[in-house]
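Asks: Please find the sequence and the predicted model below.
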There are 2 protein chains.
Amino acid sequence: MPRTSARSADIPPNVTIRDVAARAGVSVATVSRVFNQKGPIREETVRRVMDVAGALQYIPHAGARSLSTRSTRTIGVVLPDLHGEFFSEVIRGIDLAARETGYHLLLSGSHADRDEMRAVVQAVRGLIDGLVVMSPDLDPGALVGELPRNIPVVLLNAKVKGHPCITIDNAGGAKAMVRHLVALGHERIAFISGPPHNADAEQRRRGYRAGLAEAGLAPIEIEGTFTEESGYEAAKQFARLSPQPTAVFSGNDSMAIGALAAFNEAGLRVPESVALVGFDDIPIARFLAPPLTTVKVPIADLGRRAFEILIHDAKDNGQQRNVKLETTLVVRRSCGARPRRLR
Amino acid sequence: MPRTSARSADIPPNVTIRDVAARAGVSVATVSRVFNQKGPIREETVRRVMDVAGALQYIPHAGARSLSTRSTRTIGVVLPDLHGEFFSEVIRGIDLAARETGYHLLLSGSHADRDEMRAVVQAVRGLIDGLVVMSPDLDPGALVGELPRNIPVVLLNAKVKGHPCITIDNAGGAKAMVRHLVALGHERIAFISGPPHNADAEQRRRGYRAGLAEAGLAPIEIEGTFTEESGYEAAKQFARLSPQPTAVFSGNDSMAIGALAAFNEAGLRVPESVALVGFDDIPIARFLAPPLTTVKVPIADLGRRAFEILIHDAKDNGQQRNVKLETTLVVRRSCGARPRRLR
DNA sequence: GCCGTTCATGTAACCGGTTACAAACTTCCG
DNA sequence: CGGAAGTTTGTAACCGGTTACATGAACGGC
């Protein structure tokens, strides 16, 4: 007979703090103190309580605890869509930071419209101590009304006054990339933009245009949706253009992947026939063939910083600070700059 | 003066069910019934309560509710690591299914060892009604002791008796892929396996060997870790072999991506010089250059099914059922079978 | 021997919901 | 008109923790 299952049989279905107290011969207050390491307790008492708790497999009821402490040690994360490597990296960043501090993550993705968004935000209130919201497609002004006012909220990639926001230097990064392409001698630089009402997409496009203007070049743009699919379609169109662009700047890496597939199919070699660059530096970017030149966004940091500000904000409530994360140019082979070893 | 903030100012910090009851001139029981749509209530009473609740911006306290109902409508998801497209697809599958049923997701990733795993599982008890665990690297036998016994648990890609499990037909899929390569005339088919104690990796390798044995061929194996990086390294080694393998079967798509990068760097063209195939069919597989022939795993379904079984199991507790998901061969260009348009 | 401290622990109120049971009010029927 | 049956609502106990306050013991100084 396996020991564990035999033992589990005579444990009452729900072990409460009172069971532990009774069996250890102490009061519930003492057990609570032991578990929260509060107040002075005799060493021997601690040991006795812990022993009993272990034997009974006592686990404090999180709901009861949050009822009296008004804290759940859980933060909510609301993302637009869980597709792809970008979001999984953001989540990873938050998760890592949360775990270090003993927080949990309540995740919800795929919120197309405002109603859905509101429903989710409503539903998770009471379950969480704070909220990280990423909703680049929604108008920030409209967004603010939906957000809970009694818990701290941090926004990713959207600026709303009254809330701390974390943004990326999209325009700066895009401009730097254009400069790089110009320096390489390109004069027909095309751009695959992101979806129209997406804040990141808009800023990147602005940076692209600013960079071109600086060099006295004319923009060539096609609108995408940040998906591989849309990058594929856009590249097909560029391939048909005459004169063809000599360089294509994709608004994000996912679309660059799609574009790469399209160019290969069309018999255009990257970077010999056409240079291709992206934005984000998602993990696989360096493993593409050829490795993708792109603008590096500290994606995981984005999540980590969001979490940290949330926790900090919860403590000394008041000062809301906005953070703008810098981007860096990562030159690999897809822009034709100079052949180098992988990475 | 903005209306909302003006109004929110005179709302007490925490609106409870008693506040609503008092203001609506009913008892707390009635308010509770209205919110849970239980028992018969007069139409007019419902309206009055809802009006007051709306005006007060009342949100039920989730902790208090879970204290008396013993249910949180939240399920926990414990994954080995949040890296990459595979896991983000799994999460997406669970999230979608959960949202449809009004459940929430408590997510935790990156659990290297058993201690960490136990800590997390302990911490989330009381917060969740059920648990989805994916831990292919841990020995299933050792795992079972750590799992909570008072809530339903569903395992992904690991078989532990006493728990419902969802597995993939890894061996069958791998064997089918080998047969396909054999049919194309390949005789030196190499394999990049996954990490040694990973259940999926083992089964895929078994399928690979079985397929080779069937054709009377000898295995050529290098061990990887399911990362792009390790696929890259493995492919470098294969490229140095003489005679070179004519086909490389990667234990997952991520490693195939790495391998593709390595082959390109080594001047080996895929599929002309060497065929390359993967396993999983992650979303970007079809956008690689060349598009990757792979074994399709219904990844999002994996998550969805896990959730469904969890909920079902919670209801009519008792019959535990195991599900094995079928895989399908997806032939694209990387195996050299027949050129076709993208997708 | 008395008192002020400090340390360790116990008692009981409270957090905000749910729900069994009771109660009040209708309606209907003989 | 009395009472059975049905409908709607209220009262209060309970879920399982935390913690303010009270208590009691031990100790040191006078």
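Replies: Cool, got the structure. Numbering: from 1, shown residues only, chains lettered A, B, ... in the order given.

Asks: you'd agree A:Gly93 is up against A:Leu325?
Replies: No. With contact defined as C-beta atoms under 8 Å, A:Gly93 does not reach A:Leu325; the gap is 11.3 Å. In this view, the C-beta of every residue, glycine as well, is placed from N, C-alpha and C.

Asks: For the most centrally placed residue in chain A, give me its contacts.
Replies: Centroid-nearest residue in chain A, with C-alpha atoms, centre = their mean: A:Val90, separated by 2.3 Å. Residues in contact with A:Val90 (C-beta atoms under 8 Å, 6 or more residues apart in numbering or on different chains) are A:Leu79, A:Met134, A:Leu156, A:Ile299, A:Ala300, A:Leu302, A:Gly303.

Asks: The fourth one against A:Ile91, yeah?
Replies: In other words, A:Ile299. No. Under the criterion of C-beta under 8 Å, A:Ile299 is not in contact with A:Ile91, lying 9.9 Å apart.

Asks: Which one's more surrounded, these two?
Replies: A:Ile91 (26 against 23; other C-beta atoms under 10 Å in any protein chain shown).

Asks: thought the more buried one was touching B:Asp95?
Replies: No. Counting by C-beta under 8 Å, A:Ile91 does not reach B:Asp95; the two are 10.9 Å apart.

Asks: For stretch A:154-167, measure first residue to last.
Replies: Stretch A:154-167 has an end-to-end distance of 11 Å (C-alpha to C-alpha, to the nearest Å).

Asks: So which bits of it are buried?
Replies: For stretch A:154-167, the neighbour count (16 or more other C-beta atoms under 10 Å in any protein chain shown) marks A:Val154, A:Leu155, A:Leu156, A:Asn157, A:Ala158, A:Val160, A:His163, A:Pro164, A:Cys165, A:Ile166, A:Thr167 as buried.

Asks: List the buried residues in stretch A:131-151.
Replies: By 16+ other C-beta under 10 Å, the buried positions in stretch A:131-151 come out as A:131-138, A:140, A:143-144, A:146-148, A:151.

Asks: Among the residues you listed, which pair sits farthest apart?
Replies: For the buried residues of stretch A:131-151, the farthest-apart pair by C-beta to C-beta is A:Asp137 and A:Ile151; their separation is 23.1 Å.

Asks: The residue in the stretch 151-300 of chain A that DNA strand C sits nearest to sits in which helix or strand?
Replies: Closest residue of the stretch 151-300 of chain A to DNA strand C, C-beta to the nearest atom of the strand: A:Ile151 (14.0 Å). A:Ile151 is part of no helix or strand when elements are defined by DSSP states H and E.

Asks: Do I have it right that it meets A:Asp129?
Replies: Yes. At 6.3 Å, A:Ile151 counts as touching A:Asp129 under the criterion of C-beta under 8 Å.

Asks: Which residue is the nearest non-sequential neighbour of A:Thr16?
Replies: Nearest residue to A:Thr16, sequence neighbours excluded (C-beta to C-beta, 6 or more residues apart in numbering or on different chains): A:His61, at 7.4 Å.

Asks: again, but for A:Val49
Replies: Of all residues not flanking A:Val49 in the chain, A:Val34 sits nearest, at 4.5 Å (C-beta to C-beta, 6+ apart).

Asks: what's the burial count for that neighbour?
Replies: Counted with other C-beta under 10 Å, A:Val34 comes out at 21.

Asks: what sits against it?
Replies: Applying C-beta under 8 Å, 6+ apart to A:Val34 gives the contacts A:Ile41, A:Thr45, A:Val46, A:Val49, A:Met50.

Asks: sec struct for it, please.
Replies: Recorded secondary structure, A:Val34: helix (DSSP: H, G, I helix; E, B strand; the rest coil).

Asks: ok, it to DNA strand D distance?
Replies: Using C-beta to the nearest atom of the strand, to the nearest Å, we find A:Val34 at a distance of 9 Å from DNA strand D.

Asks: A:Met117 now?
Replies: Counting by C-beta to the nearest atom of the strand - A:Met117 and DNA strand D are separated by 31 Å.

Asks: how close does that residue get to A:His83?
Replies: Relative to A:His83, A:Met117 is positioned 17 Å away (C-beta to C-beta, to the nearest Å).

Asks: do A:Arg47 as well
Replies: In terms of C-beta to C-beta, A:Arg47 sits 51 Å off from A:His83.

Asks: Could you do A:Ala53 as well?
Replies: Using C-beta to C-beta, A:Ala53 is found at 43 Å from A:His83.

Asks: Over to A:His180?
Replies: The gap separating A:His180 from A:His83 is 28 Å, by C-beta to C-beta.

Asks: do A:Thr30 as well
Replies: Distance from A:Thr30 to A:His83, by C-beta to C-beta: 50 Å.

Asks: can you map out the strands along chain A?
Replies: Secondary structure of chain A, counting by DSSP state E: strands at A:74-78, A:104-108, A:130-134, A:153-156, A:165-168, A:189-193, A:220-223, A:247-250, A:275-280, A:293-296, A:323-325, A:328-330.

Asks: Please convert these to JSON lines, extending it with distance to B:Arg206.
Replies: Converted to JSON lines, the strands of chain A look like this (distance: least, C-beta to C-beta, whole Å):
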{"stretch": "strand A:74-78", "distance to B:Arg206": "38"}
{"stretch": "strand A:104-108", "distance to B:Arg206": "34"}
{"stretch": "strand A:130-134", "distance to B:Arg206": "42"}
{"stretch": "strand A:153-156", "distance to B:Arg206": "43"}
{"stretch": "strand A:165-168", "distance to B:Arg206": "45"}
{"stretch": "strand A:189-193", "distance to B:Arg206": "43"}
{"stretch": "strand A:220-223", "distance to B:Arg206": "47"}
{"stretch": "strand A:247-250", "distance to B:Arg206": "41"}
{"stretch": "strand A:275-280", "distance to B:Arg206": "38"}
{"stretch": "strand A:293-296", "distance to B:Arg206": "39"}
{"stretch": "strand A:323-325", "distance to B:Arg206": "45"}
{"stretch": "strand A:328-330", "distance to B:Arg206": "40"}
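
Asks: Of the ones you listed, flag the one that's most buried.
Replies: Most buried of the strands of chain A, by mean neighbour count (mean count of other C-beta atoms under 10 Å in any protein chain shown): strand A:247-250, with a mean of 32.

Asks: That strand - contacts with which helices or strands?
Replies: Applying 3 or more C-beta pairs under 8 Å, 6 or more residues apart in numbering or on different chains; DSSP states H and E, one finds that strand A:247-250 makes contact with helix A:170-183, strand A:189-193, helix A:228-240, helix A:253-265, strand A:275-280.

Asks: about what we covered before: so between A:Arg47 and A:His83, which is more surrounded?
Replies: A direct count of neighbours by other C-beta under 10 Å for A:Arg47 and A:His83 places A:His83 higher, at 20 against 12.

Asks: The more buried one: what's it in contact with?
Replies: A:Thr227, B:Ser88, B:Arg92, B:Pro283.

Asks: How about the residues of chain A by DNA strand C?
Replies: Contact residues (C-beta under 7 Å from any atom of the strand) of chain A with DNA strand C: A:25-30, A:33, A:39-42, A:44-45, A:64, A:67-68.

Asks: Next, give me the two most distant ones among those residues.
Replies: The largest separation in the residues of chain A next to DNA strand C, counting by C-beta to C-beta, is between A:Glu44 and A:Leu67 at 31.0 Å.
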